[in-house]
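Q: heads up, no residue letters with this:
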């Protein structure tokens with residue numbers, strides 16, 4: 001068989017033919033794409049409004065449960081005062097602050113019994129976390145919070161069912177599930193479902209080990225060539241009345257759409 005004669009057959013514009021498509025020669029292959037899940041944002045992952053050192057032994061921990069680095073520079077930690085709609089700004093996050101996937105950020109009172117917080121505020125009667133209030137994280141230019149948690153039905157900041165207030169001066173906190181070494185990715189927009197009370201607080205900071213256990217793996221786009229749909233070998237012969245070289249292959253397109261096959265090859269097996 002002379003391959004050159006078969007390639008000449010391919011020049012006929014009325015024919016679209018393929019026998020075996022080599023993956024590396026498809027010029028019009030479709031990409032098989034797996035969509036990525038929606039990206040979660042920064043969450044309030046652990047907090048307490050009082051601890052064993054008193055009413056100002058308080059902190060708020062943030063966590064990045066996404067698969068991307070997030071710049072939180074200038075974001076605002078805002079508080080709603082007890083069971084009311086009154087709010088005030090507690091902390092503005094420092095410039096050039098970015099959280100990698102699985103990284104925490106610890107904001108604490110200057111009187112809190114926690115080690116090496118990333119940022120502090122000076123607590124006072126007018127600047128503290130109320131036991132029956134709410135906590136929310138805001139981007140600088142947005143009116144809706146990125147995340148919020150509340151401890152009263154009537155407080156301005158909460159999601160779904162509120163948490164019961166912390167009222168005892170002891171080592172304690174609320175942590176977002178699943179918690180601990182499993183990370184803090186659970187976010188159903190219901191505080192009571194998302195948080196669990198800890199008997200011993202364990203706040204993490206930017207220097208703590210990153211926790212990626214609960215962070216979903218984002219599938220990547222693959223560019224695997226796929227065979228054409230619908231084309232069929234409609235007629236062929238390997239020899240005719242003129243001998244071994246009297247041969248052809250006919251391909252038919254039974255579909256309603258054109259199929260571009262420039263660069264495809266016709267292969268044979270011995």
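A: That came in fine, so what should we check first? Keep in mind that what you see is a predicted model, and the values were worked out from it rather than measured.

Q: the strands in this structure, which residues?
A: Using DSSP state E, the strands of the chain run over 43-48, 59-63, 70-71, 76-80, 87-92, 98-99, 104-109, 119-121, 134-138, 147-150, 173-176, 195-198, 232-237, 248-252.

Q: Tell me the strands beside the last one, with direction?
A: In other words, strand 248-252. For strand 248-252, the paired strands and their directions (DSSP bridges) are strand 232-237 (antiparallel).

Q: which regions of the stretch 1-150 of the chain lie under the pLDDT threshold?
A: 1-40 (pLDDT under 70).

Q: got a markdown table for the strands of the chain, with distance to residue 265 and mean neighbour count too?
A: Heads up, the C-betas are built off the backbone N, CA and C, glycines and all. Shown next, in a markdown table, are these (distance: least, C-beta to C-beta, whole Å; neighbours: other C-beta atoms under 10 Å):
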| stretch | distance to residue 265 | mean neighbour count |
| --- | --- | --- |
| strand 43-48 | 53 | 26 |
| strand 59-63 | 53 | 27 |
| strand 70-71 | 48 | 16 |
| strand 76-80 | 62 | 21 |
| strand 87-92 | 63 | 15 |
| strand 98-99 | 50 | 18 |
| strand 104-109 | 55 | 25 |
| strand 119-121 | 63 | 19 |
| strand 134-138 | 58 | 24 |
| strand 147-150 | 56 | 24 |
| strand 173-176 | 56 | 23 |
| strand 195-198 | 61 | 16 |
| strand 232-237 | 15 | 12 |
| strand 248-252 | 12 | 16 |
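
Q: Contact partners for residue 158?
A: Contacts of residue 158 were listed using C-beta atoms under 8 Å, 6 or more residues apart in numbering, and they are 134, 148, 149, 150, 151, 152, 191.

Q: In those, find the pair that's most separated.
A: 148 and 152 (12.5 Å; C-beta to C-beta).

Q: okay, and the common contacts of the two?
A: Overlap of the contact sets of residue 148 and residue 152 (by C-beta under 8 Å, 6+ apart) consists of 134, 158.
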